[in-house]
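S.K.: Here's a sequence, model it:
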Amino acid sequence: MKWITAIVLFLLSNSIYAQDISTLEKDLFNLPDVIFKKIETPKGYLSAYELKIKQPIDHNNPEGGHFYQKVYLSHKGYDRPTAIITNGYARGSNNITEVAELLETNQLNVEHRYFASSSPEDKDYQYLNFEQITQDLHKIRTLFDGIYTGKWISTGISKGGTTTIFYKYFFPDDVDVAIPYVAPVNHSDEDPRIYSFLDTIGTEACRKNIHNYQVRLLRGADKIKPFLRWYTKGQGLKFGYLSFDEAFEYAVLEYPFSFWQYGRDCEKIPDAQDDIEKHAQHLIDIVGLEFYSDASMSAFASHYYQSATEMGYYGFETKDFDKLLKHIPIEPHPSAAFTPNKMEVKFDGDLTNRVAEWAHNEADKIIYINGAVDTWSATAVPAAERDNALWFFMEGKHHANARIKNMNNKEKALLGETLSAWLEEEVSVMDAKDPEAEIKKLKGMMTGTFSSAEQAKMDSSYFDITLQMYPIWEDRPGHWLYVEQAVSKYQYQPYRQRIYHLHETENGFVSDVYEIKEAERFVGKWRAPEYFDGYSNSILKKREGCGVQLKKKLNGYEGSTGKTSCKSSLRGASYATSKVSISEDVLESWDQGFDADGNQVWGAIKGPYVFKKQ
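M.R.: The predicted structure is shown next:
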């Protein structure tokens with residue numbers, strides 16, 4: 001009888017699931033100005049769609065032209081709240097945000113007007129302003145008003161968080177709760193609060209080291225720039241908007257802002273005894289010349305226009321470098337906003353200052369989440385003592401990790417209590433889900449020292465191999481592992497050194513494989529992974545087609561490369577394959593090389609190497 005009941009419940013749940021999707025697609029079909037297509041469904045959701053929503057270029061003149069705005073819809077259920085994600089830039093793919101995970105919401109992930117595909121053919125920048133941007137969001141909210149009738153939450157990060165605040169200002173009744181992360185609300189196009197922050201953050205010794213490093217870069221420019229030129233050529237970077245020399249000097253001035261924005265380690269700033277290469281590499285790692293390349297200027301043109309006209313931004317003080325800067329002006333202070341095609345614009349701070357005052361004194365049911373060491377916290381909405389808004393300035397956290405999952409228990413408890421009251425349902429944040437929990441689990445299984453000694457002892461056709469895999473670059477986006485393989489007798493002479501990049505795709509996880517330029521300098525550095533912090537991704541060369549697609553199995557993960565996609569010339573091979581199985585204490589790896597006729601020319605014949613974690 002229990003089996004019959006279970007089968008009935010299973011069939012009933014599937015019937016409800018199918019009915020829910022069918023109903024949603026009918027609802028989408030009936031929406032005006034909406035084109036949709038089904039996309040891969042995120043884990044924990046019932047369905048997902050890419051929408052193209054027709055938007056007026058000018059909401060005050062709907063007949064004056066239009067564009068289609070990209071929105072990703074992830075459907076959790078009609079009975080769930082809905083989160084509208086106010087991105088500040090392009091939104092290249094669907095991702096489930098921390099807020100949507102935590103509150104188990106439907107999600108509308110909105111690409112920003114005038115970015116990527118959400119742009120008219122000819123951008124008339126006069127219509128890129130917060131009045132138009134928030135009306136885009138309001139139209140989307142109104143379209144879905146009859147589909148999702150529960151509570152609504154808006155949230156965004158950085159410039160997307162700023163958009164969340166302005167959306168709440170223009171349309172206060174559209175959402176029940178707003179949660180902006182690390183969101184600046186600047187007062188001017190050169191907000192002096194940035195200078196005050198950089199003059200006081202950290203220790204005096206650290207600030208002095210930052211300044212001295214900048215001075216050494218400018219004084220040693222003739223020796224450092226050749227190294228940087230080779231780097232930019234290798235990266236295929238072009239400099240037309242700014243000259244290479246201008247880009248270098250902007251990068252040097254930008255250094256302290258970027259250093260604190262992502263909470264860098266003062267101990268890793270090069271000192272006077274370090275060589276030119278280390279000085280140059282550190283600048284690449286913290287700022288990067290890509291930031292000033294033509295490709296970046298094009299990708300962020302709309303952002304810079306907003307910053308220079310209405311949103312506000314920052315500039316660079318030059319008094320300490322007036323005899324060292326050769327290619328950019330000392331006065332007026334150089335701006336960090338590079339307008340499209342260098343157009344002349346006038347900044348109007350009336351709106352942003354009105355919003356700043358409103359956000360501090362009046363904004364209702366809004367939760368501001370900031371990192372205390374993030375440079376952008378300087379222009380965040382300052383905290384106020386009132387019951388209808390909540391502030392977090394998370395100690396030690398920066399622009400990339402000031403997140404709910406990283407709050408301490410006291411902060412989580414307060415957040416949960418506030419959300420429960422405002423959303424009128426029980427919200428527990430103490431066990432806030434980490435959206436990267438699964439990939440971190442996989443990385444943990446792959447981390448450590450592994451040995452095939454036991455297998456080699458039982459079968460002489462296998463060598464005694466030691467495999468080292470340890471995380472590197474943990475303060476950078478993504479998950480990176482340094483890998484060494486060596487015959488155990490000769491551990492200081494590895495026959496293979498690689499870097500793996502773990503990331504999630506629509507079909508599971510992928511471990512991309514990279515060769516390392518001048519790999520010998522990294523031998524044994526799995527013992528000191530921080531050594532890699534002094535190097536950027538420029539040391540890597542991707543082995544195209546050799547990434548291993550990994551899928552979850554009962555006790556771990558397993559996967560392989562494509563059948564013939566990983567090219568190899570080793571010992572007469574035409575291509576190579578890798579099959580991998582990973583569990584808590586065992587890693588099995590079967591690498592084989594084949595010639596053009598499919599005959600194996602290298603690699604284990606009987607089966608995979610079995611590595612036991614030590």
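S.K.: Now for His503, which secondary structure element holds it?
M.R.: strand 496-505 (DSSP states H and E).
S.K.: Sorry, slip of the keys, the one I care about is Leu237.
M.R.: Taking DSSP H and E as the definition, Leu237 sits outside all helices and strands.
S.K.: May I have the residues that are in contact with Arg476?
M.R.: Remark: with contacts taken as Cβ atoms under 8 Å, 6 or more residues apart in numbering, Arg476 is in contact with nothing. Heads up, the C-betas are built off the backbone N, CA and C, glycines and all.
S.K.: what's the answer for Asp322, then?
M.R.: So Asp322 contacts Ile330 (Cβ under 8 Å, 6+ apart).
S.K.: how close does it get to Ile328?
M.R.: Asp322 is 11 Å from Ile328, where distance means Cβ to Cβ, to the nearest Å.
S.K.: cool, and Arg207?
M.R.: To Ile328, Arg207 is 22 Å away according to Cβ to Cβ.
S.K.: does Thr466 sit in a helix, a strand or a coil?
M.R.: strand (DSSP: H, G, I helix; E, B strand; the rest coil).
S.K.: Distance check, it against Lys489.
M.R.: Distance, Thr466 to Lys489, by Cβ to Cβ: 9 Å.
S.K.: Between the two, which is the more surrounded one?
M.R.: The neighbour comparison of Thr466 against Lys489 (other Cβ atoms under 10 Å) goes to Thr466, with 20 against 9.
S.K.: and the more buried one, bridged to which residues?
M.R.: Ser451, Ala486 (DSSP bridges).
S.K.: hang on, isn't it packed against Gln491?
M.R.: Yes. Counting by Cβ atoms under 8 Å, Thr466 does reach Gln491; the two are 5.6 Å apart.
S.K.: Compute the first-to-last residue distance for stretch 113-132.
M.R.: 9 Å (Cα to Cα, to the nearest Å).
S.K.: Buried residues of that stretch, list them for me.
M.R.: Residues Arg113, Tyr114, Phe115, Ser118, Ser119, Lys123, Tyr125, Tyr127, Leu128, Asn129, Phe130, Gln132 are the ones in stretch 113-132 that count as buried (16 or more other Cβ atoms under 10 Å).
S.K.: quick one: which of those is nearest Ser293?
M.R.: Ser293 has its nearest neighbour among the buried residues of stretch 113-132 in Phe115, at 17.8 Å by Cβ to Cβ.
S.K.: where does Glu357 fall, phi/psi-wise?
M.R.: Main-chain torsions, Glu357, degrees, to the nearest 10: phi -70, psi -40.
S.K.: Excluding chain neighbours, what is closest to Gly593?
M.R.: The shortest distance from Gly593 to any residue other than its chain neighbours is 3.4 Å, reached at Ala573 (Cβ to Cβ, 6 or more residues apart in numbering).
S.K.: which ones are touching that neighbour?
M.R.: Per Cβ under 8 Å, 6+ apart, neighbours of Ala573: Gly593, Phe594, Asp595, Val601, Trp602.
S.K.: Mind listing the residues bridging to the second one?
M.R.: Counting by DSSP bridges, Phe594 is bridged to Tyr575, Gln600.
S.K.: thinking again about what came up before, same question for the strand holding His503, mean pLDDT?
M.R.: On average, the pLDDT along strand 496-505 is 92.
S.K.: What of stretch 179-187?
M.R.: pLDDT averaged over stretch 179-187 gives 98.
S.K.: Can you list the buried residues in that stretch?
M.R.: Result for stretch 179-187 [16+ other Cβ under 10 Å]: buried residues Ile179, Pro180, Tyr181, Val182, Ala183, Pro184, Val185, Asn186.
S.K.: any idea which of those residues is closest to Pro382?
M.R.: Among these, Val185 lies closest to Pro382 (Cβ to Cβ), at 9.6 Å.
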